[in-house]
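Trainee: give me a model of this one.
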Amino acid sequence: MDSLFSVSGISAQRIVIEILESEINDRAYLQELITHFRSLGCLIAIDDFGAGHSNFDRIWELEPDIVKIDRSLIQRAALSSRIERILTGIVSLIHEAGSLVIIEGVETEKEALTAIRAATDMIQGFYFAKPNAQISSDNSLDKTFNGLLEQQQINNHLTSNNLNTHFTEFEKHFKSALQILTSPKLIDASAKIIFKSPYAVRCYLLNEAGYQIGSSIHSKSLHSLFDTKFTPLLSGNNANWAHKHYHYRAIHSPNTIQICRPYLSIAGSHLCITVSQAIKLKNETFVFCCDLEWKDD
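Mentor: Model (predicted):
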């Protein structure tokens, strides 16, 4: 390899050795190869991650410098907000493992914007350029990336405005419900106000330690969402939700409304977001929570 670097005039630090997960089954031999190329100064990349039988244990074991996410994921993520959230989670997990992320196979503007939202480090694909032996000096790529970033800012602004518009209407019901919640026993009355919003599906009260006080109160609209196989999970009596964002954020920021990210509710097996706020009732701290239906796409 040293002679190859010498003849080509390219230093080892500019070489990325790409490993196809499916091509090498002998892990001990693969680790030897990686150790050898690393000793030369090369970067190590796992290619086509997310295709076939990709496993995260390869990332923990091989500790690549770069993970290249297969085109199949960006294709699907550009068409589904659910898959986009999964892609974003994968990128975040790879970052936590200490590797950079490249999303490859980007061929459309929508895929490029999806990759940017996923917080990837680098983007590769025919949308930008096709493979060439010579590095292009075309400055139009700068305009392409600037245009994408500007479009993403516009999309973020529109999304934020839409969410704010929807939440402003619900916030009125939430605040009204809090005003009459002067005792834990009045949660039924508060729920009636909350359920004036068509998006509200569940209300419940947690104590300061995170334990649920009594049963959850469900809206009539929940029945259209609910999968009967999950009926045993509906009862939240004495469940502890202290580990959930909507509880500990509310406890640490009293009198401030908290809104969590979309998640799959164990008490119903459907996507929702939870709106919560810590309140004082008879010198005790409680967290009033309301789950709102979340629709993908």
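Trainee: tell me the mean pLDDT for the longest helix seen in the chain?
Mentor: Secondary structure of the chain per DSSP state H: the longest helix is helix 140-180. The average of the pLDDT scores along helix 140-180 is 80.
Trainee: can you list the low-confidence ranges for this structure?
Mentor: Residue ranges of the chain with pLDDT under 70: 1-3, 21-24, 52-54, 157-166, 222-236, 267-269, 296-297.
Trainee: quick one, domains of it?
Mentor: Using automatic domain parsing, the domain parsing of the chain gives 2-127, 169-293.
Trainee: could I get the full set of helices for the stretch 101-250 of the chain?
Mentor: According to DSSP state H, counting those that start in this stretch, the stretch 101-250 of the chain carries its helices in the segments 109-117, 140-180, 187-194, 222-225, 245-252.
Trainee: who touches Gly214 in this structure?
Mentor: 184, 187, 204-205, 237 (Cβ atoms under 8 Å, 6 or more residues apart in numbering). Backbone N, C-alpha and C define where each C-beta goes, glycine included.
Trainee: try it again at 7 Å.
Mentor: 205, 237 (Cβ atoms under 7 Å, 6 or more residues apart in numbering).
Trainee: distance check, it against Val16.
Mentor: 58 Å (Cβ to Cβ, to the nearest Å).
Trainee: from what I can see Cys289 touches Leu206, true?
Mentor: Yes. Proximity of Cys289 to Leu206 meets the contact threshold set by Cβ atoms under 7 Å, at 6.4 Å.
Trainee: count the neighbours of Leu4 for me.
Mentor: 10 (other Cβ atoms under 10 Å).
Trainee: Ile273 too?
Mentor: Counted with other Cβ under 10 Å, Ile273 comes out at 19.
Trainee: do Thr120 as well
Mentor: Thr120 has 24 nearby residues by other Cβ under 10 Å.
Trainee: my read: it touches Ile103, true?
Mentor: Yes. At 4.6 Å, Thr120 counts as touching Ile103 under the criterion of Cβ under 7 Å.
Trainee: still on that earlier bit, including distance to Gly41 and mean neighbour count, could the helices of the stretch 101-250 of the chain go into a markdown table?
Mentor: Listed next are the helices of the stretch 101-250 of the chain as a markdown table, based on distance: least, Cβ to Cβ, whole Å; neighbours: other Cβ atoms under 10 Å:
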| stretch | distance to Gly41 | mean neighbour count |
| --- | --- | --- |
| helix 109-117 | 29 | 20 |
| helix 140-180 | 28 | 13 |
| helix 187-194 | 61 | 19 |
| helix 222-225 | 55 | 14 |
| helix 245-252 | 43 | 19 |
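Trainee: redo those helices as a markdown table? Include distance to Ser39.
Mentor: Formatted as a markdown table, the helices of the stretch 101-250 of the chain follow (distance: least, Cβ to Cβ, whole Å):
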| stretch | distance to Ser39 |
| --- | --- |
| helix 109-117 | 33 |
| helix 140-180 | 34 |
| helix 187-194 | 62 |
| helix 222-225 | 56 |
| helix 245-252 | 44 |
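Trainee: figure out which of those is closest to Ile259.
Mentor: helix 140-180 (7.1 Å; Cβ to Cβ).
Trainee: which strands or helices does that closest one pack on?
Mentor: helix 109-117, helix 187-194, strand 271-281, strand 284-293 (3 or more Cβ pairs under 7 Å, 6 or more residues apart in numbering; DSSP states H and E).
Trainee: can you put the ones you listed in JSON lines and add distance to Ala97?
Mentor: Below are the helices and strands packed on helix 140-180 laid out as JSON lines (distance: least, Cβ to Cβ, whole Å):
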{"stretch": "helix 109-117", "distance to Ala97": "19"}
{"stretch": "helix 187-194", "distance to Ala97": "41"}
{"stretch": "strand 271-281", "distance to Ala97": "27"}
{"stretch": "strand 284-293", "distance to Ala97": "32"}
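Trainee: now the end-to-end length of stretch 111-128.
Mentor: Length of stretch 111-128, first residue to last, Cα to Cα, to the nearest Å: 12 Å.
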